[in-house]
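K.L.:
can you look at this prediction? I've put the sequence above it.
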Amino acid sequence: MAKRRKIYVSDYDMKRLEKLIELLSEDEWDGRDTKHLQVLEEELRKAEVVAAQKIPRDTVTMNSKVRVKDLDTGGETIYHLVFPGEADVRQNRISVLAPIGTALIGYAVGDVIQWHVPAGTKKLRIEEILYQPEAAGDFHL
């Protein structure tokens with residue numbers, strides 16, 4: 001997924017993500033997507049849980065908008081990390097269960113994330129957090 005360093009997840013996001021995993025597991029979610037659920041669960045196990053008010057401002061949390069740079073093409077994209085029901089690829093609203101969403105959660109500005117796609121490995125660097133709910137005082141989005 002990403003070069004390993006400590007990732008941070010707010011206590012509020014952790015509760016919501018654990019609930020999402022539990023609900024989707026109980027519903028026997030689509031088998032081909034079960035892997036994405038497992039990868040997210042693995043990432044969350046490695047995370048340091050921090051009170052929402054203390055999450056570092058440069059960290060990607062749920063509902064964050066981030067500007068990333070593709071290290072192969074030099075192109076930049078803004079992604080909005082959301083829960084599955086809010087995802088809309090046309091608006092760059094990326095689900096936390098999508099490979100790139102799982103790769104982004106908990107990482108910070110300057111981190112390089114990589115994940116496998118059918119054409120090979122993609123590498124992105126997190127350039128900027130344009131909006132983070134916790135930094136904006138929006139603790140319950």
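P.N.:
The structure has been received and is ready for your questions.

K.L.:
the longest strand anywhere in the chain pairs with which strands, and in what direction?
P.N.:
Counting residues, the longest strand in the chain under DSSP state E turns out to be strand 120-131. In the sheet, strand 120-131 lines up against strand 65-70 (antiparallel), strand 112-117 (antiparallel) (DSSP bridges).

K.L.:
could I get these as JSON lines with mean neighbour count and mean pLDDT?
P.N.:
From N, CA and C alone the C-beta is placed, and that goes for glycine too. Below are those laid out as JSON lines (neighbours: other C-beta atoms under 10 Å; pLDDT from 0 to 100):
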{"stretch": "strand 65-70", "mean neighbour count": "18", "mean pLDDT": "97"}
{"stretch": "strand 112-117", "mean neighbour count": "14", "mean pLDDT": "83"}
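
K.L.:
these: which one's closest to residue 130?
P.N.:
With C-beta to C-beta as the criterion, residue 130 lies closest to strand 65-70 of the strands paired with strand 120-131, at 4.3 Å.

K.L.:
closest to residue 89 out of the strands paired with strand 120-131?
P.N.:
strand 112-117 (14.0 Å).

K.L.:
the residue nearest to the spatial centre of the chain and residue 72, how far apart?
P.N.:
Closest residue to the average C-alpha location of the chain: residue 105 at 2.7 Å, with C-alpha atoms, centre = their mean. When distance is defined by C-beta to C-beta, to the nearest Å, residue 105 is 22 Å away from residue 72.

K.L.:
from what I see, residue 10 and residue 48 are in contact.
P.N.:
No. Counting by C-beta atoms under 8 Å, residue 10 stays clear of residue 48, with 10.4 Å between them.

K.L.:
between those two, tell me which one has more neighbours.
P.N.:
It is residue 10, of residue 10 and residue 48, that has more neighbours when counted by other C-beta atoms under 10 Å, with 25 against 10.

K.L.:
against residue 7, how distant is the closest residue to that one other than its chain neighbours?
P.N.:
Using C-beta to C-beta, 6 or more residues apart in numbering and skipping residues adjacent in sequence, the residue nearest residue 10 is residue 52, 4.1 Å away. As judged by C-beta to C-beta, residue 52 and residue 7 stand 15 Å apart.
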